[in-house]
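Colleague: Would you be able to build a 3D model of this:
(one chain, ligands or ions: 1)
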Amino acid sequence: MATKKPTIPKTPLVQLPERDEGEAVVLERRTLKAKPPQMYQVVMLNDDYTPMEFVVVVIQEFFAKDLEAATQIMLKIHLDGRGVCGVYSRDVAATKVDQVLDAAAQAGHPLKCISEPVDF
Ligand code: TYC
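Modeller: Presented below is the predicted three-dimensional model:
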């Protein structure tokens, strides 16, 4: 029984406009590269009123950090004015921001956070 030889898939060939004199056809092989999606960091901002304990609980709850990691992040924000709580796709980062702002507003604290593209 004759078996078919497996064919090797080829990258697409693109025919470019003719620039040669004569009948030559120029073909260029291009490798299609998919860029990774832009990621977004959720940045929490310092203020003078939100209790440190509240910030630590929020970071633990919404950014899946343990007590020690959440405390380190909170102290960095307190000292530097801002700090990254996590890096996510655009939609997930926007949801995290909403969750933090809702929790802060419900508790009556002015805590703010934003999302921004990584390498902003
Ligand atoms: N600076 C606040 C205080 O001294 C604590 C704080 C930390 C507030 C981080 C906001 O994102 C923040 N109570």
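Colleague: mind checking the SS state of Glu61?
Modeller: Using DSSP: H, G, I helix; E, B strand; the rest coil, the secondary structure recorded for Glu61 is helix.
Colleague: Excluding chain neighbours, what is closest to it?
Modeller: Ala103 (7.7 Å; CB to CB, 6 or more residues apart in numbering). No exception for glycine: its C-beta is placed from N, CA and C like everyone else's.
Colleague: quick one: contacts for that neighbour?
Modeller: Ala103 makes contact with Val58, Glu61, Phe62 under the criterion CB atoms under 8 Å, 6 or more residues apart in numbering.
Colleague: Closest one of those to the ligand?
Modeller: Val58 (8.5 Å; CB to the nearest ligand atom).
Colleague: quick one: that closest one and Leu111 touch, right?
Modeller: Yes - Val58 is within contact range of Leu111, at 7.1 Å (criterion: CB atoms under 8 Å).
Colleague: hmm, back to that, give the ChimeraX command for selecting the buried subset of the contacts of Ala103.
Modeller: In ChimeraX, this line selects whichever of the contacts of Ala103 come out buried by 16 or more other CB atoms under 10 Å:
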select :58,62
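Colleague: Could you export the contacts of Ala103 as a markdown table, including pLDDT and distance to Met74?
Modeller: Output for those, formatted as a markdown table (pLDDT from 0 to 100; distance: CB to CB, whole Å):
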| residue | pLDDT | distance to Met74 |
| --- | --- | --- |
| Val58 | 99 | 9 |
| Glu61 | 98 | 13 |
| Phe62 | 98 | 13 |
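Colleague: Can you add distance to the ligand and give the contacts of Ala103 back as TSV?
Modeller: Putting the contacts of Ala103 into TSV (distance: CB to the nearest ligand atom, whole Å) gives the following:
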residue	distance to the ligand
Val58	9
Glu61	14
Phe62	13
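Colleague: who in the protein is up against the ligand?
Modeller: By CB under 6 Å from any ligand atom, the part of the chain that sits against the ligand consists of 44-48, 50-52, 55, 74, 77-78, 111.
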